[in-house]
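Engineer: quick one, what's the 3D model for this:
(one chain, ligands or ions: 2)
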Amino acid sequence: MSARKHTALPKARTLIEALPWLTRHHGKTVVIKFGGNAMVDEELKAAFAQDVVFLRHAGLRPVVVHGGGPQISAQLERLGLESEFKAGLRVTTPEAMDVVRMVLAGQVQRELVGLLNQHGPLAVGMTGEDAHLMTATRHYAEVDGERVDIGRVGEVTAIDTGAVRALLDDGRIPVISSVARSADAGDGTGVFNVNADTAAAALAAALGAETLMVLTDVEGLYEDWPHSDEVISRLTATELEKLLPDLASGMVPKMRGCLHAVRNGVHTARVIDGRVQHSILLEIFTDEGIGTMVVPDEPAAAAGIADIKGSSESEKAGAA
Ligand SMILES: Nc1ncnc2c1ncn2[C@@H]1O[C@H](COP(=O)(O)OP(=O)(O)O)[C@@H](O)[C@H]1O
Ligand SMILES: CC(=O)N[C@@H](CCC(=O)OP(=O)(O)O)C(=O)O
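Structural biologist: Ligands and ions are numbered 1, 2, ... in the order given. Predicted structure coming up:
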């Protein structure tokens, strides 16, 4: 009897090693932004869904906000519609807006909901239009110091988290497309195209999330992009603010979003490599994380981070 081999013992130990982390994060909200460029590989998408469902079953409250830039561009091209970006944002004509809404809510969101629901009746898709989740006004881009009209691109002015909280309380995983309703009831099509990083950050702040995780197609924030692949692993809000004017293209809304989140109550904002399978779990269970972590400046909030870091260190020690 005593000589019997319990071959699953290492697995049991691994699960128990995660116990302190699971206890600490039980009931915490995590907003995860899944970027269009990290969403092109089938295996990655399936692994992403597994990670999110794992978090949900581990007692966290994950919320998914998804992008779909490459998918929108492909559809616009198929339809022979021009697509142009200014200051990292898509110039969105009313015709392009129809395509953005169709691709995000009708294609990308449906696919993610389907993948998540392979694991049970968990995911519910919605856009910022639903239940007044996201209200926006027209956003003007700034190019070389000038205010430029980029069409139906929205700036989030209000968030009503009621429907998302109700879904979370019901044990569901909200999957949100970054289309917002217009603040002006008499406004044409009544919807705006919001950058998905911006939408995720605004939602994380409004929900008082513990963490904002932005999955993308690079390892994190590179210190001297595109000349070096040295990733900045940790920086404070003030350090990030100083870097913002030097950032380019897709990193601008991402890092602006991270800054907004940690300045508005979110404890950590992380940019991680969505090309790595199970990157969400890797980020959580690895001491230093695998990407870039932004933390608030305030001593009180920073104390919270120290607590998280200290504990994850002991987890790593336990895992070694
Ligand atoms: N400092 C930087 N560090 C990392 N990537 C950067 C940086 N500056 C610009 N980029 C660019 O930003 C891209 C990520 O943004 P984006 O293409 O919008 O991704 P997603 O589709 O995931 O939202 C990277 O692929 C890279 O080309
Ligand atoms: C205003 C604006 O640029 N909206 C984005 C919305 C999708 C998005 O942000 O997708 P990614 O996260 O994959 O880049 C767009 O039209 O492409």
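Engineer: check whether stretch 32-40 comes near ligand 2.
Structural biologist: Yes. Applying C-beta under 6 Å from any ligand atom, one finds stretch 32-40 touching ligand 2 at Gly35, Gly36, Asn37. Bear in mind the C-beta positions are built from the backbone N, C-alpha and C, glycine included.
Engineer: find the centremost residue of this protein, please.
Structural biologist: With distances taken as C-alpha atoms, centre = their mean, the residue of the chain nearest its centroid is Lys33 (1.8 Å).
Engineer: contacts only, for the closest residue to ligand 2 within the stretch 151-300 of the chain.
Structural biologist: Using C-beta to the nearest ligand atom, the single residue of the stretch 151-300 of the chain nearest to ligand 2 is Ala196, 3.5 Å away. Going by C-beta atoms under 8 Å, 6 or more residues apart in numbering, Ala196 touches Lys33, Gly35, Gly36, Val65, His66, Gly67, Gly68, Gly69, Ser178.
Engineer: can you tell me which of those residues is closest to Gln109?
Structural biologist: His66 (6.2 Å; C-beta to C-beta).
Engineer: okay, now the residue nearest to that closest one when sequence neighbours are not counted: neighbour count?
Structural biologist: Of all residues not flanking His66 in the chain, Phe34 sits nearest, at 4.8 Å (C-beta to C-beta, 6 or more residues apart in numbering). Phe34 has 27 neighbours, counted by other C-beta atoms under 10 Å.
Engineer: now do Thr23
Structural biologist: 10.
Engineer: so which strand or helix has it?
Structural biologist: helix 19-25 (DSSP states H and E).
Engineer: for Glu223, grab phi and psi.
Structural biologist: Dihedral angles of Glu223 (phi, psi; degrees, to the nearest 10) stand at phi -70, psi -40.
Engineer: ok, and the closest non-adjacent residue to it?
Structural biologist: Using C-beta to C-beta, 6+ apart, the closest residue to Glu223 is Glu230 (4.5 Å).
Engineer: Val52: what's it in contact with?
Structural biologist: Neighbours of Val52 in contact, by C-beta under 8 Å, 6+ apart: Ile32, Pro62, Val64, Leu116, Ile173, Ile280.
Engineer: apply 7 Å and report the result again.
Structural biologist: Ile32, Pro62, Val64, Leu116, Ile173 (C-beta atoms under 7 Å, 6 or more residues apart in numbering).
Engineer: that older thread, name the helices or strands packed onto the helix holding Thr23?
Structural biologist: If you count contacts as 3 or more C-beta pairs under 7 Å, 6 or more residues apart in numbering; DSSP states H and E, helix 19-25 packs onto helix 299-319.
Engineer: can you tell me how far the closest residue to the residue of the stretch 151-300 of the chain closest to ligand 2 other than its chain neighbours is from Val100?
Structural biologist: Nearest non-adjacent residue to Ala196, counting by C-beta to C-beta, 6+ apart: Gly67, 3.7 Å away. Separation of Gly67 from Val100 (C-beta to C-beta, to the nearest Å) stands at 11 Å.
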